[in-house]
Every structure is written in structure tokens, then in C-alpha cells.
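Engineer: Here you go, sequence then predicted model.
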Amino acid sequence: MENFKTTRKNFIKASALIGIGSLTLGAKASSFLSEPNLNAPLILPQTDGKFTLPALPYAYNALEPFIDAQTMEIHHTKHHQAYINKLNEAITLESTLQGKSLEDLLLGLSAVPEKVRSMVRNHGGGHWNHSFFWKSMKLGTQMGTKFSTLATSSFGSIDQFKANFEKVSMGVFGSGWAWVVLQDKQLKIMTSANQDNPLMDANKDNKRVPIILFGIDLWEHAYYLKHKNKRADYVSNFWNVVNWDEIEILLK
Ligand code: MN3
């Protein structure tokens, strides 16, 4: 297992560019990015042609009582590992993918050869989303001023922001994610089905790539052992485990 590698420096650069409203990625959709992208908050590289399971930055019981240790352990060692295994199968099947970071693969998804594209989408998305999700959680942090200022200007108040996020999360049908992103100097709430995420093909047509601040896994495997069918309880409890310190770093 290897540790997370963040692109803090790149992120600072991206945030500065967003600040003057001019961030677009120049990469062509038809080819993979040749440079690290400016605004992925997490870069997951291959090691010897394989992606590997990142260590959790805390113990399995670190998010108790809001997310239980058994859920965390199964989620990390079984579900997350399974996405990585399938993603590595895709890399084996298509040698042009070897050596690419996961962000490059996802940002240029439509350029991934078709025979493995859905594998990269589903399992590469699964690897990225879970790696980012683990980093987005920590017990006992407080919302910082950068985020609260943005939430107030974007949604009217913190309570309105939270209510919106919970409503959107409850509205995701089946399995998927809800995301909080910074785009055009505004906080936005986005959703994605399955293991899709806002990075996928975000460099296509020079679209402005949203900066992902955090997301919530809305698959039943993320909450069923503790909350059973009550997604609302899981979502309302999620505020207790958001890693606000990390979000302030992403907003610097
Ligand atoms: Mn999951």
C-alpha cells in the first residue's frame, strides 16, 4: 500500500487561476494529458504498471460512532480493493494505459480505447472516488472560514447549503455520489451515478474543470450495516465526519 499523494502546489495554482476566472485545461480530448492536470485534488499514479490500495489515513474505528469500524474495513479492504483489481485488469488488457495516472485516464476518458473504457470508467472511478472519500473524512474538525464564506454566498446560509446537500443526496436514485465542487467562484452540488465523478471527460471541449472539495458515497455498502435502509440518517450524520481542515487546504 502506498500513501496518498496530493497535488497541493498544483491546487494552489488552480485556485489562483479560478480566482481570476480563467481556468481551462488546454489538453485535447483526443490525447491523454502530458502534464499533471492543474486541479485534481488527488493524483493516483501507477506503480510498476499497477494501481495499489492507499492506506487509510486513520484507523477503521476513527469515524465511530457515525461510521462504524466494520463498514469502514469492508468498504476499504473489499469494495475499494475490488475496484483496483478490475482497473488493473483493464491496464493489463490495454497496454497504452500503462504508466498513466488515474486522473489522466478519467479526464480523458473518451480517449481510452473502447474495449476497456467502461472498465476504466467504473473501476477507475471507484478507485478515485474512494481514495478521495477517505481523505475527505475526519472526526472533530470545524468548518473553516473560506468554506463558510463560499457556502453563504452560494446558498444564502450554511443551513441552506446543508439542507440542499442532504436533499440532493436523498434524491440520488440507486447507487451514486453527491459532490460539492467549486466552479466559477461558486459552490455547487453535483451528483453522479455509479462510480462516475466530475473529473470524467472534464477536459473535453476546454470545459472548466470543477474543483472537487468533497463527496459522499451513496451506495448502500457505505451505510447499510449501521443504518440499514435509512439513507437520511447516514447523510445527516455525515456532517460529523467531514474533514473541514482538508477542505480549507483545497481552497487555499
Ligand atoms: Mn463505496
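Structural biologist: Great, that's in hand.
Engineer: quick one: low-confidence parts of the stretch 151-252 of the chain?
Structural biologist: Counting by pLDDT under 70, the stretch 151-252 of the chain contains low-confidence ranges at 205-208.
Engineer: By proximity to the ion, which residue of it wins?
Structural biologist: The ion sits closest to residue 217 of the stretch 151-252 of the chain, with a gap of 4.2 Å, by C-beta to the ion. Placement of C-beta: from N, CA and C, glycine included.
Engineer: show me the contacts for that residue.
Structural biologist: When contacts are counted by C-beta atoms under 8 Å, 6 or more residues apart in numbering, residue 217 is found next to 75, 129, 130, 133, 177.
Engineer: Swap in 10 Å and give it another go.
Structural biologist: Residue 217 is in contact with 75, 79, 126, 129-130, 133, 136, 175-178, 195, 223, 234, 238, counting by C-beta atoms under 10 Å, 6 or more residues apart in numbering.
Engineer: Just say helix, strand or coil for residue 61.
Structural biologist: Judged by DSSP: H, G, I helix; E, B strand; the rest coil, the three-state class of residue 61 is coil.
Engineer: Report pLDDT for it.
Structural biologist: In the predicted model, residue 61 carries a pLDDT score of 98.
Engineer: For it, grab phi and psi.
Structural biologist: As for residue 61, its main-chain torsions (degrees, to the nearest 10) stand at phi -90, psi 10.
Engineer: just the one 4 residues further on next, same as before
Structural biologist: Main-chain dihedrals, residue 65, degrees, to the nearest 10: phi -90, psi 10.
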